[in-house]
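# Pasting a predicted model and its sequence here:
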Amino acid sequence: LKGRGVWRYKNSIPGIYNKLISLNEGNTPLIPSKIYKQTYYKFEGANPTGSFKDRGMTVAISSAVNSGYKVVTAASTGNTAASAAAYASRGNLKIYLVLPKGKVALGKLAQSILYGATILEVNGSFDIAMSAVIRLYKELGIVYPLNSFNPWRLEGQKTIAYEIAEEIGAPDNVIVPVGNAGNIYAIWKGFTELYEVGAIQKIPRMIGVQAEGASPIAKAVEKGLDTPEFFENPETIATAIRIGKPVNWRKAIKAIKESKGTALSVSDSEITEAQKKLAREEGIGAEPASSAALAGYEKAIKEQIVDKDEKNVLILTGHALKDPDAMLKMDSKIILINPDHIEKIVLGDTN
Ligand SMILES: Cc1ncc(COP(=O)(O)O)c(/C=C/C(=O)C(=O)O)c1O
């Protein structure tokens, strides 16, 4: 495992790990944009279970195993579930996933089943599932909570910053989709650690992007509030970030403020258009919540919050395959043909 992905940075990850539970996560592609001169996409969909969650899960599950836990649990909008289930099976741990019934994208539910997790469904939002896990952990203490208030998760996720800096130095702006708000803080923490040891000369501005119907942090930043107004019934097609009460909101606001960044929200239609643009112009398949990064980026350019010619990195947090329903709803070119006449179609198809 030496020299691979997240554990290449073992010395900067706190904790003693006699045993590493790893799927060689990390080392994801940094893809230059065809559209914007100095814009890059950090494609986290290339991780073993298809999202950035694997970076934090390898650390959290390794920590659970090294601490002798046998049972782990996580509430999730889907990607944490898929990742936790994979790493739990890798680490021979029993896992209970608490999921909002009917609100988890197909690919993620399928993965959670595939990896053999016990799935506890609740009627209600992700936030209801989250509060159940917190109560379970506080009352029982025998289960190990894997959500992103678990500091080990963020220690793994901060390696996103390390990889970016190694490849292109410190960007001017980093645009991150925000749900439970751990990742924007983790990435900021990574850049701050590099800055403190002199590896980079400036810390990028952290730009958080939320879906309008689930945007407590974006609204708090826009209104200059210290405490966000939470969303009782968050709603967006970007189900991964359909979170009304982010557990890490304090950390996210700290990262945004200290980096002189900001947070903004985008509509579902802007997210859908961005997902199409990423795929059909950049050749990159990202799920709706990830595409919010491009929607937010283009809105930030329009509002002169960022300059498109600066060195900017968008974090594409999850693979398009996670949410097949979102793709199937898109305009498509499907033509039923008589196979004997295929040349007519192709020769006649001028566009
Ligand atoms: C694709 C994708 N993009 C962005 C986010 C937001 O990251 P955070 O702001 O650190 O929460 C998530 C989060 C998912 C969960 O919270 C979960 O899986 O339970 C995600 O899956």
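Right, received. Where do you want to start? Numbering: from 1, shown residues only.
# In the chain, mark out all the strands, start to finish.
Using DSSP state E, the strands of the chain run over 30-32, 39-43, 71-75, 94-100, 118-122, 143-145, 173-177, 205-211, 262-266, 312-316.
# If you average pLDDT over each of those, which is lowest?
For the strands of the chain, mean pLDDT drops lowest on strand 143-145, to a mean of 85.
# Show me what that one is packed against.
Contacts defined by 3 or more CB pairs under 8 Å, 6 or more residues apart in numbering; DSSP states H and E place strand 143-145 against strand 71-75, helix 126-140. Just so you know, the C-beta spots here come from the backbone N, C-alpha and C atoms, and that holds for glycine as well.
# ok, and which of those has the densest surroundings?
strand 71-75 (a mean of 25; mean count of other CB atoms under 10 Å).
# Provide the strand pairings for it, with the direction of each partner.
Sheet pairing for strand 71-75, assigned by DSSP bridges, gives strand 94-100 (parallel), strand 143-145 (parallel).
# Tell me if I'm right that Lys254 and Ala181 touch.
No: counting by CB atoms under 8 Å, Lys254 does not reach Ala181; the two are 10.3 Å apart.
# of those two, who's got more company?
Ala181 (28 against 16; other CB atoms under 10 Å).
# Out of the helices and strands packed on strand 143-145, which gets the lowest mean score?
Least confident of the helices and strands packed on strand 143-145, judged by mean pLDDT, is helix 126-140 with a mean of 90.
# Using CSV, write out every CA atom in that one.
Only the C-alpha atoms of helix 126-140 are listed here, as CSV (Å, rounded to 0.1, in the frame of the first residue of the first chain):
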residue,chain,number,x,y,z
PHE,A,126,-31.4,12.4,5.9
ASP,A,127,-31.3,14.6,9.0
ILE,A,128,-33.8,12.3,10.7
ALA,A,129,-31.4,9.4,9.9
MET,A,130,-28.5,11.4,11.1
SER,A,131,-30.1,12.1,14.5
ALA,A,132,-30.9,8.4,15.0
VAL,A,133,-27.2,7.5,14.4
ILE,A,134,-26.0,10.1,16.9
ARG,A,135,-28.5,8.9,19.5
LEU,A,136,-27.5,5.3,18.9
TYR,A,137,-23.8,6.1,19.3
LYS,A,138,-24.4,8.3,22.4
GLU,A,139,-26.6,5.7,24.2
LEU,A,140,-24.9,2.5,23.2
